[in-house]
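Colleague: Any chance you can model this:
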Amino acid sequence: MNTYKLLLVVLSAISVTQSGWGQIATSFDYPADDYFVNGLGWGGLNDAYIIDGLPGKHVAEDYLVDAGTAVKAAGAGQVMYSRAHGDCPNWGYLIIIEHLLLDDTKICTLYAHSESIVSEGALVQKDQVIGYVSHFDCWADHLHFGVFNGPYDVEVGVYPVWAVGYLSQYSWPGNYLEPSSFIAAHSQSPGEITFDYPDFTSVAGLNLVGSAAQYGSVLRLTPTTIGQAGDAWFAEKLYVQDGFETTFEFQLSEFSYEGADGIALVIQDSSATALGEGGWGIGYLGIPRSIAFEIDTFSNAEINGNHVAIHSMGTLPNRPDGPARIAQNGSIPNVSDSQVHTFRVVYTASGEFLVFLDNLVSSVLDVPIDLAALLQLTDGTAWVGLTASTGAYWENHDILSWSFATTNTLPKPDLVPTLQVSPEVLRVGDTAAVNGNIDNWGDAQAGSGLTQIRFGDQTEIIAQPAIPPGGSFPFTASFTLTAEGMQAVTVIADSGNAIDESNESNNIAQTVVIVLPPLLPDLLIASTVDTVSRKGINYNHSITVRVENRGLVASGSCQLKLVVTELGKTYLQTIPGLAPNATYQVKFAVNKVRLSSLTLRLTVDSLNQVVESNETNNSWSK
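Modeller: Model (predicted):
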């Protein structure tokens, strides 16, 4: 084995994602190709309505699609209900699928207004057609789709799931999941999916067929019984075309004779629940579009036991003998010895398969294969699984751990925002502009989404179009500033997390700005002069008032009020807008009074119409 291959294997060993359960997610998709609609029928998403006198919600999304449109399972699961729903006959057939998430929790998806083509108890895969939209007694042809927390209760039946929207004892909305948000959070492309089963205390995420079953913390493909075949497939298709590595530990025990018949890692684009023949077929005989990396433990005529081999018939049904043999190594120790062994398969980006048994430095097989061409893969993806069988002799085929990681994932977009705030000096009352770009630094087009722009406690949402690799989406948003002080300005690209990206941690750009107090006028009484003249026993007062704006910006027009205390009279004059440092002179005539001296109180902006920097100096008295 050359130095390059050794380095590759060592790097591959280091790069295995020991993710644990927290990073493994089950993938879901939308049940119909068109967007959902709201505000129709009994109401849009979460709109209130009344049924049987009880208030409720429309706890689902409606997809406005034509009759005959295929309805797809949102994710892999088991059909729990598939029949006409008597309490709501206009729903036609109601389909409920229960899904086991990889954290061992369960959810249910509900599909209404459809003709079903799946039976209760059936296992379905993501995107499998389960029915067709039909026209029933409803406002328009559409699919009603809901997502609910928890398992399906066979004893109670469908009623709580259907009625969860308006019966308080079912704790709406605690049982209800908003469909778009749920799918966005659980949507993955095959190139992202990496798993690591350190043991099998949970088999969530696996399709077990034939004799395969959980046995304590072990995945037992076959027990010590004759004529068994057991296969375990990861339920999601994985991206394998451009490279992957997978490792599993196994133990063969309680064998008869020399043990039989063997175990294999199989990659196939045939079915998520494929089951090959038992006996010499090692659980993969008859599976088309497959390649098997087998550890054979029994001699069948011309097939020697204790060997590692690669078998494929391309798109034809596979078989573990001469016509399908691509490579074989018979110089391996006997693994039917009750000991724990390790098997690893690495597929390099250059199209080379490296197979390891126990020794993870020196490969037992090294073969160039164009996997995509050999199996005619769909979009570079396939199901990956482990198979085993017994014939006239037997052994326990136990899997103790299993991990998988793609070494070359599908290209993804990467949205990175930038922002700039103008003007440079900001004051309360100003209009601030937030300008910037959403750049796609990734290697694939980013789909449409939403950009959120926040200025302090104000938020604006902008529709974000599809952005090609290297492309940019310029945006602008305006905010009227209402509070002073330090404020954060934030731009979040793909704020709804609807776009799958290579880097989900660089979608936020943020800066902090200082908003100054506003520039304001300041009106006050600059001076007063009371000129008194006498005519007989009466006095005439000519009161001259000079009003000044000592603020930094112009004031608006306002009212000047004069109150003569002795007379109990009020006099009013209008003051026009004043520029900074400008003055305006007003005269009041108070005639034919018997007093030569009066007590005056003057108030400028008496109705408090002008916002000023100093609201306490608007009055003058004498």
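
Colleague: what bits of this structure have low per-residue confidence?
Modeller: Across the chain, residues meeting the criterion (pLDDT under 70) sit at 1-26, 33-59, 85-90, 102-104, 136-139, 154-175, 189, 191-192, 300-304, 408-410.

Colleague: Please tell me how far Ile96 sits from Met80.
Modeller: Taking Cβ to Cβ, to the nearest Å as the measure, Ile96 falls 5 Å from Met80. All C-beta atoms are positioned from the backbone trio N, CA, C, and that covers glycine.

Colleague: Kindly apply the preceding question to Leu386 instead.
Modeller: Applying Cβ to Cβ to Leu386 and Met80 gives a distance of 28 Å.

Colleague: Repeat that for Ser202.
Modeller: As judged by Cβ to Cβ, Ser202 and Met80 stand 21 Å apart.

Colleague: now Glu548
Modeller: Using Cβ to Cβ, one gets 82 Å for the distance from Glu548 to Met80.

Colleague: quick revisit: between Ile96 and Met80, what contacts are shared?
Modeller: Overlap of the contact sets of Ile96 and Met80 (by Cβ atoms under 8 Å, 6 or more residues apart in numbering) consists of 108, 152.

Colleague: So which of these two has more stuff around it?
Modeller: Residue environment comparison for Ile96 versus Met80 gives the larger neighbour count to Ile96, 24 against 20, counting by other Cβ atoms under 10 Å.

Colleague: Tell me which residues touch the more buried one, please.
Modeller: Neighbouring residues of Ile96 by Cβ under 8 Å, 6+ apart: 79-82, 108-111, 152, 158, 161.

Colleague: Out of the residues you listed, which end up buried?
Modeller: 79-82, 108-111, 152, 158, 161 (16 or more other Cβ atoms under 10 Å).

Colleague: among those, which are in strands?
Modeller: When DSSP state E defines the strands, the subset of these inside them is 79-82, 108-111.

Colleague: Can you tell me which of those is nearest Val124?
Modeller: Looking at these and their distance to Val124, the nearest is Val79, at 6.1 Å (Cβ to Cβ).

Colleague: Which element, helix or strand, includes Val545?
Modeller: Secondary-structure assignment from DSSP states H and E places Val545 in strand 538-549.

Colleague: by how many degrees do the helix or strand following that strand and strand 538-549 diverge?
Modeller: Towards the C-terminus, the helix or strand next in line after strand 538-549, according to DSSP H and E, is strand 558-564. Between strand 558-564 and strand 538-549, the angle comes out at 150 degrees (axes from the mean of the first three to the mean of the last three Cα atoms, to 10 degrees).

Colleague: What is strand 558-564 packed up against?
Modeller: Secondary-structure packing of strand 558-564 (3 or more Cβ pairs under 8 Å, 6 or more residues apart in numbering; DSSP states H and E): strand 538-549, strand 569-575, strand 583-593, strand 600-604.

Colleague: and those, which is most packed in?
Modeller: Highest mean neighbour count among the helices and strands packed on strand 558-564 (mean count of other Cβ atoms under 10 Å): strand 600-604, with a mean of 21.

Colleague: Isn't Gln251 up against Leu400?
Modeller: Yes - the pair formed by Gln251 and Leu400 meets the contact definition of Cβ atoms under 8 Å, at 6.1 Å.

Colleague: Which residues are in contact with each of the two?
Modeller: Overlap of the contact sets of Gln251 and Leu400 (by Cβ under 8 Å, 6+ apart) consists of 218, 340.

Colleague: Got phi/psi on the residue most central in space within the chain?
Modeller: When the chain is reduced to its mean C-alpha position, the closest residue under Cα atoms, centre = their mean turns out to be Ala185, at 2.9 Å. Note on Ala185: its backbone torsions stand at phi -80, psi -20 [degrees, to the nearest 10].

Colleague: hang on, the earlier thing: is it possible to export the buried ones among the contacts of Ile96 to JSON lines including distance to Ile543?
Modeller: Output for these, formatted as JSON lines (distance: Cβ to Cβ, whole Å):
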{"residue": "Val79", "distance to Ile543": "93"}
{"residue": "Met80", "distance to Ile543": "91"}
{"residue": "Tyr81", "distance to Ile543": "90"}
{"residue": "Ser82", "distance to Ile543": "93"}
{"residue": "Cys108", "distance to Ile543": "84"}
{"residue": "Thr109", "distance to Ile543": "83"}
{"residue": "Leu110", "distance to Ile543": "82"}
{"residue": "Tyr111", "distance to Ile543": "85"}
{"residue": "Tyr152", "distance to Ile543": "88"}
{"residue": "Val158", "distance to Ile543": "87"}
{"residue": "Val161", "distance to Ile543": "83"}
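
Colleague: ok, the residues you listed vs Ala444, which is closest?
Modeller: The shortest gap between Ala444 and any of the buried ones among the contacts of Ile96 belongs to Thr109, at 28.2 Å (Cβ to Cβ).

Colleague: From Gln376, how far off is Ser312?
Modeller: Look at Ser312 and Gln376: by Cβ to Cβ, they are 12 Å apart.

Colleague: Give me the more crowded residue out of those two.
Modeller: For Ser312 against Gln376, the residue with the higher neighbour count under other Cβ under 10 Å is Ser312, and the figures read 24 against 10.

Colleague: Settle this for me: that one is touching Phe293, isn't it.
Modeller: No - taking contacts as Cβ under 8 Å, Ser312 lies outside contact range of Phe293: 9.9 Å.

Colleague: Could you count how many residues lie near Glu424?
Modeller: A count of neighbours around Glu424, defined by other Cβ under 10 Å, yields 6.

Colleague: Surely it is in a strand?
Modeller: No - under DSSP: H, G, I helix; E, B strand; the rest coil, Glu424 falls outside any strand and is assigned coil.

Colleague: Nearest residue to Ala212 in space, please, no chain neighbours.
Modeller: Beyond its immediate neighbours in the sequence, the residue positioned closest to Ala212 (Cβ to Cβ, 6 or more residues apart in numbering) is Gly230, lying 3.6 Å away.
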